[in-house]
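>>> Predicted model follows, preceded by the sequence.
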Amino acid sequence: MAPAPKVAPAALGFRVKSGWAMSVLLAGPASGPELLLCQSILLSDPAQPASKQPYHVALELSEREAAPIVRKLCRVVGAAAKQSVAELLEQAAKRNRAVQAAALVVGSVADPESLHNDHMRAHGREGQLFRAVLEDALREADIVCEVLVEKTAYASAASRLRKTLEAAKRVVAALGESHDGSWRAEEKLAALAAWVSLAKP
């Protein structure tokens, strides 16, 4: 029998949005990353549209009425994240890759309770929720995960990768040349996050 092919390391990157995330799977090494997969994933259930913005329910109901509905929607979000991560890991395995690390790019890590406007606080809570369920799903799969903030993501990544900011942006842009689809900000940030994860010791 021929020996089984050796499983090679890979990393996942995400740009987390409301109810979904853009995901990128990169193979190493960090000095020459290779794009294996780029696709959006669900962090909500299309059959339950309110799961895209669970905390917005509280804006229309009393706290007592909203609480059980929000809890249910948060469980839906958690289940969707677990399923999406499991599917990504399955796709990586089919490519004979083992995901060893991941990174998430988010809009903010500010405490949503510090926001005084009810509507902005709901958005903040949802941002925190979608980040947390994705982190939990990855960690349950024994994948080390970190969070980058969009505003400083490129500067932070360039420093860690020992690249200039311009060089880091060029590499990320070039990764999109092998992708048969759009390569906008979400895709680029997810790729940047995966690249940083590839560089982990």
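Sure, I can see it.
>>> now the strands: where do they sit in this structure?
8-16, 20-27, 34-42, 97-106, 144-149 (DSSP state E).
>>> buried sites along the shortest one?
By neighbour count, with 16 or more other Cβ atoms under 10 Å as the criterion, the buried positions of strand 144-149 are 145, 147-148. Glycine gets a C-beta too; all of them are placed from N, C-alpha and C.
>>> Glu113: what's it in contact with?
Shown here is Glu113, whose contacts under the criterion Cβ atoms under 8 Å, 6 or more residues apart in numbering are 121, 124.
>>> if we can go back for a sec, redo the strands of the chain as TSV? Include mean pLDDT and distance to His123.
Output for these, formatted as TSV (pLDDT from 0 to 100; distance: least, Cβ to Cβ, whole Å):
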stretch	mean pLDDT	distance to His123
strand 8-16	96	13
strand 20-27	98	15
strand 34-42	97	19
strand 97-106	96	12
strand 144-149	96	16
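>>> Which of these sits closest to Ala191?
strand 20-27 (4.5 Å; Cβ to Cβ).
>>> Show me the longest helix that occurs in this protein.
Longest helix in the chain, counting residues (DSSP state H): helix 63-94.
>>> taking the mean pLDDT, what do you get for that one?
When pLDDT is averaged along helix 63-94, the result is 95.
>>> so what does it touch, helix or strand wise?
Helices and strands touching helix 63-94, as assessed by 3 or more Cβ pairs under 8 Å, 6 or more residues apart in numbering; DSSP states H and E, comprise strand 8-16, strand 20-27, strand 34-42, strand 97-106, helix 118-140.
>>> Nearest to Val70 among those would be which one?
helix 118-140 (9.0 Å).
>>> count of residues packed around Arg125?
Here the number of neighbours of Arg125 (other Cβ atoms under 10 Å) works out to 20.
>>> and if you look at Ala67?
Considering only other Cβ under 10 Å, Ala67 is surrounded by 13 other residues.
>>> residue contacts, it?
Applying Cβ under 8 Å, 6+ apart, no residues qualify as near Ala67.
>>> Any idea how far the longest helix of the chain is from the middle of the chain?
Using Cα atoms, centre = their mean, to the nearest Å, we find the averaged C-alpha position of helix 63-94 to lie 13 Å away from the chain's own average C-alpha position.
>>> Which positions in that helix come out as buried?
Buried positions in helix 63-94, judged by neighbour count with 16+ other Cβ under 10 Å: 66, 70, 73-74, 76-78, 80-82, 84-85, 88-89, 91-92.
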